[in-house]
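A.B. asks: Attaching a predicted model along with its sequence, questions to come.
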Protein chains: 2
Amino acid sequence: MLADRTMPTSDAHVNHHRPDCTDWIRSSNNVTQQFLSFGGMPDVVSLAGGLPAPELYPLQAVRDATLRALDRHGAAALEYGPVEGLFALRQLIASRVSATTGGTFSADHVLLTTGAMQGLDLIGKVLIDSGERVIVQAPTYLGALDAWRPRRPAYERLRWDATPAELRGAKFVYTVPNYSNPTGALVPQAQRVALLEQVLQAQTWLVEDDPYQALQLDGPAGPSILAHAAARQAGAYSGPVIYLGTVSKSLVPGLRVGWVVAEAGLIQTLALAKQSADLSSSMLTQAITFELLDSQFDHAHAQTLVDAYRPRRDALCREAALHLSDWFEWEVPVGGMFVWMRAKDRAIDTNALYRLAIEEKVAFVPSSVFDFSGDDRFAMRLNFTRAAPAVLAEGVQRLARAVQRYLKTQPAPR
Amino acid sequence: MLADRTMPTSDAHVNHHRPDCTDWIRSSNNVTQQFLSFGGMPDVVSLAGGLPAPELYPLQAVRDATLRALDRHGAAALEYGPVEGLFALRQLIASRVSATTGGTFSADHVLLTTGAMQGLDLIGKVLIDSGERVIVQAPTYLGALDAWRPRRPAYERLRWDATPAELRGAKFVYTVPNYSNPTGALVPQAQRVALLEQVLQAQTWLVEDDPYQALQLDGPAGPSILAHAAARQAGAYSGPVIYLGTVSKSLVPGLRVGWVVAEAGLIQTLALAKQSADLSSSMLTQAITFELLDSQFDHAHAQTLVDAYRPRRDALCREAALHLSDWFEWEVPVGGMFVWMRAKDRAIDTNALYRLAIEEKVAFVPSSVFDFSGDDRFAMRLNFTRAAPAVLAEGVQRLARAVQRYLKTQPAPR
């Protein structure tokens, strides 16, 4: 079921009497597609996706917000938008970012996107030419690697104690400091400040991807790197941090509303790239999002999510301690959606394990897809937000059976 | 106001202590952004955009469809979608295409996109590597040129009587046969059939972009090229035509729902590229669109649009005959949104005229932006759908004043 990333996976059915597809797409993978589709298969326990709990989607609130949005904007909610997005929502996000960071942000610092994923795509389009250096927190969010594949960067692993000389000349540094995808790690404040200092000295950009900010299961995450950058300057923000936000994890993904916060000149450039990608995102879903944020519904809803996700995390980790700890080790994440399990014995290849896991009707994400080289086959990402505690426990038990079957197929451990 | 396309327009404010933007974006233009923003300036008569009449947006129908969609799908309307889009809407579109073309299409032939513009972006991503040949109907829709700019194709003008040898080796041919953008031209059926034959012999792809299909002001447009391709084969469609549809011109643009219809293997590949662009389009707006199409509301609404747009076209052309015919010539379009006016005297440069037109508070689109070489400066595109007949007439009169001012600044005509 899991495509081998080194093989062409996509154009197998294309009629080869016609021209070939592009080089990059033939080196692509369809793993994310598979994970999203597993979300809809009732007999598989999916620990794979990065999906919220569907039973917590605030259907009534979205319905009410939709009616308010149509009343407030009328036909304007049905127009092509300005490329940059609904002005009122850009203003609202700028005002929130100003309040939480202490910096000075206006609508000019905000571009609305079709989910934060589109922000990654646009950043690649405006900053990466083929072969240019991009330095990424590793393991790295699969979606970022997907988004930038058409631009063909040369990746390097971020070392948190890198010197400015190591960063200089790179197009940007990429990090998910809050409850990182895939590891769930919360990057300590001292490391954030140190990295920002290095980035400033190296005169490059820093992309801070922050979808999980609201999912603070064990206390506050502390300031974003954007906040540290804003604190270092007076006047309108013009720092090196390009910040990505979204309502996909804190409210609902189906609105496809995300945003980029960055210095105003870069926002203009990103808007130009967005114009060539989809002209504008849906005004209607932006107007609905405005209502949900303006009423602060999202803050109340975040508490609902945290209260629901904490026992799920605990259930998954408790069951894993019972059934998986002979073979895997992990830290209990203090927020976000994921537990990152590393094999104690490097004889365990999670790509191979995945095939048996699907036979046992449980899905996870193997580490190879989060490694730009594809070499890391010794870990796996488990999601704890999508299913109820009992289902998560069942998933872990199935996974343990898959591990036991897997080990029987292997030579004796070294 | 009109950016010179040969100049960097976008990253002027980027802090150049940081790395430069990509090569392609520095050769980009922000014309579409300007046109979309003129739509919101009350004192300018915009004949520029390709925007529907906002007073005809079916607000009540969208409101009702939203409530029905939330009732029907519940939380599923708020999920990440499958990358390919809402299955029911893909099926519905496939069934309509089967009925109108006589071919055999299923959901596997349909990818839903964030407007047809995203379809163009994805086609570029999966088919164009730098320097590869793309053959375009000329003048060419600006958005297609924008979408493919990051991929750096080598453009050639489509000749309708091209030989297969001329098409062979090109990645694809691009055409807007129904009421083309920018010319408003309806490509005759014989030319469609001949082009398809050449494309089949040349074993390349043909991209048929069809946003204006519903706007048949003077009788039927006749079969699409997709229909001709489907008619030539038995069994599931596997032809060379990649067809783009949208509700942006026939219902509302703000839902951002478009689709690609193509052979199933290519749809899989395009879905892989879409996954890396925005994961999925909004399920909510797709579910709303399903309600509007399933109830056949769009068919009734198309009649409303046609009844409103026909007198607008007539008013614009009548006023132009009175005030612009000394300097420009045009055919009255039989559908769509645009009149294409060519200067009789090549001394008229519509890029220069544009600046004076904006001073006279009227906007149009100069021909240079529809020419991949940027050389064609002798024509302009006027839109007749956005404003009432009296406003269109006022716009033409302002434009005539701009032309008169322009000619006074020029040397005596040759």
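C.D. replies: The structure has been received and is ready for your questions.

A.B. asks: which residues in the stretch 101-250 of chain A form helices?
C.D. replies: A:115-127, A:142-148, A:164-167, A:189-202, A:225-231 (DSSP state H, counting those that start in this stretch).

A.B. asks: host element of the residue of the stretch 201-350 of chain A found nearest chain B?
C.D. replies: The nearest approach of the stretch 201-350 of chain A to chain B comes at A:Gly265, 2.9 Å away (C-beta to the nearest C-beta). C-beta here means a position set from N, CA and C on the backbone, and glycine is covered the same way. Element membership of A:Gly265 [criterion: DSSP states H and E] is helix A:264-278.

A.B. asks: Would you check that A:Arg240 makes contact with A:Trp205?
C.D. replies: No Arg there; residue A:240 is Pro. Yes: using C-beta atoms under 8 Å, A:Pro240 is in contact with A:Trp205, at 5.3 Å.

A.B. asks: Please identify every residue contacting each of the two.
C.D. replies: Shared contacts of A:Pro240 and A:Trp205 (C-beta atoms under 8 Å, 6 or more residues apart in numbering or on different chains): A:Val199, B:Arg18.

A.B. asks: Following element in sequence after the helix or strand of chain A with the lowest mean pLDDT, please.
C.D. replies: Every helix and strand of chain A was ranked by mean pLDDT, DSSP states H and E. The lowest is helix A:31-38, at a mean of 60. Going down the chain from helix A:31-38, the next helix or strand is strand A:45-46, by DSSP H and E.

A.B. asks: The following helix or strand past that next one and chain B in contact?
C.D. replies: Counting by DSSP H and E, the next helix or strand C-terminal to strand A:45-46 is helix A:59-73. Yes: using C-beta under 8 Å from any C-beta of the partner chain, helix A:59-73 comes into contact with chain B via A:Leu59, A:Val62, A:Arg63, A:Thr66, A:Leu67, A:Leu70.

A.B. asks: residues of helix A:59-73 that come out buried?
C.D. replies: A:Leu59, A:Ala61, A:Val62, A:Asp64, A:Ala65, A:Thr66, A:Arg68, A:Ala69, A:Leu70, A:His73 (16 or more other C-beta atoms under 10 Å in any protein chain shown).

A.B. asks: now do stretch A:46-59
C.D. replies: In stretch A:46-59, counting by 16+ other C-beta under 10 Å, buried: A:46-54, A:56-59.

A.B. asks: Next: stretch A:296-313.
C.D. replies: A:Phe297, A:Asp298, A:His301, A:Ala302, A:Leu305, A:Ala308, A:Tyr309, A:Arg312, A:Arg313.

A.B. asks: Now tabulate those residues in a markdown table and tack on pLDDT, distance to chain B and secondary structure.
C.D. replies: Shown next, in a markdown table, are the buried residues of stretch A:296-313 (pLDDT from 0 to 100; distance: C-beta to the nearest C-beta, whole Å; DSSP: H, G, I helix; E, B strand; the rest coil):
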| residue | pLDDT | distance to chain B | secondary structure |
| --- | --- | --- | --- |
| A:Phe297 | 98 | 14 | helix |
| A:Asp298 | 97 | 14 | helix |
| A:His301 | 97 | 12 | helix |
| A:Ala302 | 97 | 16 | helix |
| A:Leu305 | 98 | 14 | helix |
| A:Ala308 | 98 | 14 | helix |
| A:Tyr309 | 98 | 17 | helix |
| A:Arg312 | 98 | 17 | helix |
| A:Arg313 | 98 | 21 | helix |
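
A.B. asks: now stretch A:167-177: how far from the chain's centre is it?
C.D. replies: Put simply, stretch A:167-177 sits 16 Å off its chain's centre (C-alpha atoms, centre = their mean, to the nearest Å).

A.B. asks: ok, now stretch A:135-153?
C.D. replies: For stretch A:135-153, the distance to the chain centre is 11 Å (C-alpha atoms, centre = their mean).

A.B. asks: And for stretch A:397-406?
C.D. replies: Distance, centroid of stretch A:397-406 to centroid of chain: 28 Å (C-alpha atoms, centre = their mean).

A.B. asks: Domains in chain A, by residue range?
C.D. replies: A:23-58+A:300-408, A:78-295 (automatic domain parsing).

A.B. asks: now the last one: mean pLDDT?
C.D. replies: Predicted confidence along domain A:78-295 averages 96 (mean pLDDT).

A.B. asks: follow-up on the earlier one: may I see the buried residues of stretch A:46-59 organised as TSV, with pLDDT added?
C.D. replies: Output for those, formatted as TSV (pLDDT from 0 to 100):
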residue	pLDDT
A:Ser46	91
A:Leu47	94
A:Ala48	90
A:Gly49	86
A:Gly50	88
A:Leu51	90
A:Pro52	93
A:Ala53	94
A:Pro54	92
A:Leu56	96
A:Tyr57	96
A:Pro58	97
A:Leu59	96
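
A.B. asks: who's in contact with the residue lying closest to A:Leu120 once chain neighbours are set aside?
C.D. replies: Nearest non-adjacent residue to A:Leu120, counting by C-beta to C-beta, 6 or more residues apart in numbering or on different chains: A:Ala147, 3.9 Å away. Applying C-beta under 8 Å, 6+ apart, we find A:Ala147 in contact with A:Met117, A:Leu120, A:Asp121, A:Ile123, A:Gly124, B:Ser276, B:Ala277.

A.B. asks: which among the residues you listed gets closest to B:Val261?
C.D. replies: Nearest to B:Val261 among the contacts of A:Ala147 is B:Ala277, at 18.8 Å by C-beta to C-beta.

A.B. asks: For the closest one, give me its contacts.
C.D. replies: When contacts are counted by C-beta under 8 Å, 6+ apart, B:Ala277 touches A:Met117, A:Gln118, A:Asp121, A:Ala147, A:Ala277, B:Gln118, B:Asp121, B:Leu122, B:Lys125.

A.B. asks: quick one: the second one and A:Ala271 touch, right?
C.D. replies: If I follow you right, that is A:Gln118. No: A:Gln118 lies out of contact with A:Ala271 (C-beta under 8 Å); the separation is 11.9 Å.

A.B. asks: Neighbour count: these two, which is higher?
C.D. replies: Relative neighbour count places A:Gln118 above the other of A:Gln118 and A:Ala271, with 30 against 23, counting by other C-beta atoms under 10 Å in any protein chain shown.

A.B. asks: Which residue lies closest in space to the more buried one, excluding its sequence neighbours?
C.D. replies: B:Asp278 is the one closest to A:Gln118 (C-beta to C-beta, 6+ apart), at 4.4 Å.

A.B. asks: what about the one you found, how many neighbours?
C.D. replies: For B:Asp278, the count of nearby residues is 29 (other C-beta under 10 Å).

A.B. asks: Relative to B:Gly81, how far out is it?
C.D. replies: Computed as C-beta to C-beta, to the nearest Å, the B:Asp278 to B:Gly81 distance reads 10 Å.

A.B. asks: Surely A:Met337 and A:Asn383 touch.
C.D. replies: Yes: under the criterion of C-beta under 8 Å, A:Met337 makes contact with A:Asn383 at 5.5 Å.

A.B. asks: Around chain B, pick out the residues from the stretch 251-400 of chain A.
C.D. replies: Residues of the stretch 251-400 of chain A lying near chain B (C-beta under 8 Å from any C-beta): A:252-256, A:263-266, A:268-269, A:271-273, A:275-285, A:288.
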